[in-house]
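Q: predicted model and sequence below, questions to follow.
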Amino acid sequence: MASPPRILTAVPICDGHDSAINTINLEFIRHGIEVIYLGYHRSVGDIVRAAIQEDVRAIGISSYNGGHIEFFADVVKQLKKEGADDIKVFGGGGGTITHIDAAAMERQGVEKIFFAGTSLSEMAEYVSKNYGKPRGKRSRAKTRDIELARKLTEIEDRSAKSKRSTSNVQRSTLKGGKSSARVIGFTGPGGAGKTTLIDELVLRFLLQYPKARIAILSHDPSVIGEGALLGDRATMINSQNDRVFMRSMATRGQAGGLSPATEGCLRELINAGFDYVIIETVGTGQEAMPFQKNGIVDLTVLVMNPDYGARLQLQKIVMLDLADIVVVNKTDQARARAAVLEIERRLDQNRRPQQLVASVAKRHRDPGVDELFGLISNNGNVAALVSSAGSKNRRSPRRAPLQRRRKK
Ligand code: B12
């Protein structure tokens, strides 16, 4: 089996008309296409960077607020400048883009503009036909990002063809001799705010370490027998940065929160010299243990929503036994205080040094996110803390943040 066609979709800067592209994305997925959705109000630079890192076949732009002739042309120009002009550009914009405009845009290198009245299936078939064929021989990669992105595509393609997971690799063999990358795994139920939390952490990494480079492997579920909507980039604001390499992966039928190609891709990222590699799983259920199989991460963070139901539910969440750090996010919600106390009691049963952090990731400069950043960046050195588990003299450090909060 070949990999599904991968495309990126976005709405240009100063344009909030996203309802058309949201509908079109869903139709693409139903036709077996993997869509990385970047969101609305996106600059040319953000679109081109994302398309290169995701190594997509084409970029679909939905444009309503004018300036489309210049905007589309600039995307084509920037792709060419970066050496990525094998990524094609197409799109639409209802009655805003006229036939005369479209002719001018196609002269400037845009492949196709769709007009009002075109059926959704016609557009999806266009994508499958034009961007679904296997790629021919590619010219030499001009930049580090292009080279890495292509390697990740090859790993995904090989995994799709052999239908085999690349997950029979031990953590010890993942890291090359010189690599000092710190690999942090984020998991937790859907809607807990994992992506927003990661984006806020990335902001802190970028500010604190002006030379650090960060990679993010972000997973979303494939719709059974169909494509996938890989939408985490649409939530990521701070991660649209040249020092951040982000790759969105569909689970492609594998249960447990990761893709069959995750470990192969992770190995590539670790050896590419990133300082931090962050893996985000899909929203997981009670029995998921995505990082436990081969110990592929240095540190596991479980992100929870305070609204998990009755206290009894906590007994059934396996990751509460396994995570190094548990974050209760969205603690601005009514039930948060009870949730933090209940989760603290639940962690007490484990008798090992786990950290508990309360955060509101959507809030700018949230102290809980600062605390989490301290723990997972080199300063906090939780990995050392965790590896020294069993020390009789050490008090469980996860009580500290809670006690501080109670005093306030
Ligand atoms: C819905 C709508 C809104 C909604 C948007 C909701 C949302 N979240 O998207 C709301 C009410 C919020 C809104 C607000 C505004 N809108 Co408005 N809006 C529209 C409207 C009525 C429909 C657009 C739409 O979604 N169509 C549905 C899609 C599926 O169909 P389609 O447009 O025909 O597209 C076809 C193809 O082009 C193709 N296609 C489209 N995109 C893509 C992308 C890809 C990849 C592909 C393959 C194909 C494709 O798909 C369709 C196939 O049949 C248009 C008028 C119109 N009839 O176009 C105005 C329109 C776009 N809006 C307009 C304006 C001015 C505004 C506002 C500035 C108004 C204001 N003063 O506040 C704001 C700006 C909002 C913002 N932040 O950007 C103007 C733009 C004028 C211009 N460019 O000169 C328009 C044209 C109305 C008008 N005639 O004045 N708007």
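A: Received the coordinates, thanks.
Q: how many neighbours does whichever residue of the stretch 201-350 of the chain sits closest to the ligand have?
A: Proximity of the stretch 201-350 of the chain to the ligand (Cβ to the nearest ligand atom) peaks at A234, 13.0 Å away. The way it works is simple: take the backbone N, C-alpha and C, and place the C-beta from them, glycine included. A count of neighbours around A234, defined by other Cβ atoms under 10 Å, yields 19.
Q: show me what contacts it?
A: Y37, L38, G39 (Cβ atoms under 8 Å, 6 or more residues apart in numbering).
Q: show me the contacts for the first one.
A: If you count contacts by Cβ under 8 Å, 6+ apart, Y37 has them with L8, T9, A10, I21, N25, L229, L230, G231, R233, A234.
Q: the second one: neighbouring residues, count only.
A: Each residue near T9 was counted by other Cβ under 10 Å, and the total is 27.
Q: look up how far G39 lies from the spatially closest residue to it that is not a sequence neighbour.
A: Among residues not flanking T9 along the chain, G60 sits closest, at 4.4 Å (Cβ to Cβ, 6 or more residues apart in numbering). In this view, G60 and G39 are 13 Å apart by Cβ to Cβ, to the nearest Å.
Q: so which of these two has more stuff around it?
A: Neighbour count, other Cβ under 10 Å: between G60 and G39, G60 has more, with 27 against 20.
Q: could you look up the SS state of that one?
A: Under DSSP: H, G, I helix; E, B strand; the rest coil, the three-state class of G60 is strand.
Q: for stretch 336-354, buried residues please.
A: Neighbour-count burial for stretch 336-354, with 16 or more other Cβ atoms under 10 Å as criterion, is recorded at A336, A339, V340, E342, I343, E344, R346, L347, P353, Q354.
Q: show me the two of the residues you listed that sit farthest apart.
A: Greatest spatial distance in the buried residues of stretch 336-354: A336 and P353, 23.4 Å, computed using Cβ to Cβ.
Q: low-confidence stretches in this protein?
A: Scanning the chain for pLDDT under 70 picks out 163-179, 293-294, 378-408.
Q: residue numbers of the stretch 101-250 of the chain in contact with the ligand?
A: F114, F115, A116, G117, T118, M123 (Cβ under 6 Å from any ligand atom).
Q: what about K112, neighbour count?
A: The burial count for K112: 18, using other Cβ under 10 Å.
Q: residues contacting it?
A: Contacts of K112 by Cβ under 8 Å, 6+ apart are F90, E106, Y126.
Q: who are the neighbours in contact with the residue in the stretch 301-408 of the chain that the ligand sits nearest to?
A: The minimum distance from the stretch 301-408 of the chain to the ligand, using Cβ to the nearest ligand atom, falls at K362 (20.2 Å). By Cβ under 8 Å, 6+ apart, the contact set of K362 is G193, T196, K330.
Q: okay, and it sits in which element?
A: Using DSSP states H and E, K362 is not contained in any helix or strand.
Q: that one and T196, how far apart?
A: 6 Å.
Q: V76 too?
A: On the measure of Cβ to Cβ, V76 and T196 end up 32 Å apart.
Q: ditto for L299
A: Going from L299 to T196 by Cβ to Cβ gives 19 Å.
Q: strands along the stretch 301-408 of the chain, start to end?
A: Here the stretch 301-408 of the chain has its strands, by DSSP state E, counting those that start in this stretch, at 325-328, 355-358.
Q: same question, the stretch 101-250 of the chain
A: So, for the stretch 101-250 of the chain - with DSSP E, counting those that start in this stretch - the strands run 112-114, 182-187, 214-220, 228-230, 244-250.
Q: adding distance to A84, write these out as a markdown table.
A: A markdown table is the format used below for the strands of the stretch 101-250 of the chain (distance: least, Cβ to Cβ, whole Å):
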| stretch | distance to A84 |
| --- | --- |
| strand 112-114 | 19 |
| strand 182-187 | 28 |
| strand 214-220 | 19 |
| strand 228-230 | 19 |
| strand 244-250 | 14 |
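Q: G285 is nearest to which of those?
A: In this view, these are compared for proximity to G285 by Cβ to Cβ, and strand 182-187 is the closest at 10.5 Å.
Q: for the spatially most central residue of the chain, list the residues it contacts.
A: Most central in the chain under Cα atoms, centre = their mean is S218, positioned 2.9 Å from the mean C-alpha point. Counting by Cβ under 8 Å, 6+ apart, S218 makes contact with T195, L230, D232, R233, M246, R247, S248, M249, I279, E280.
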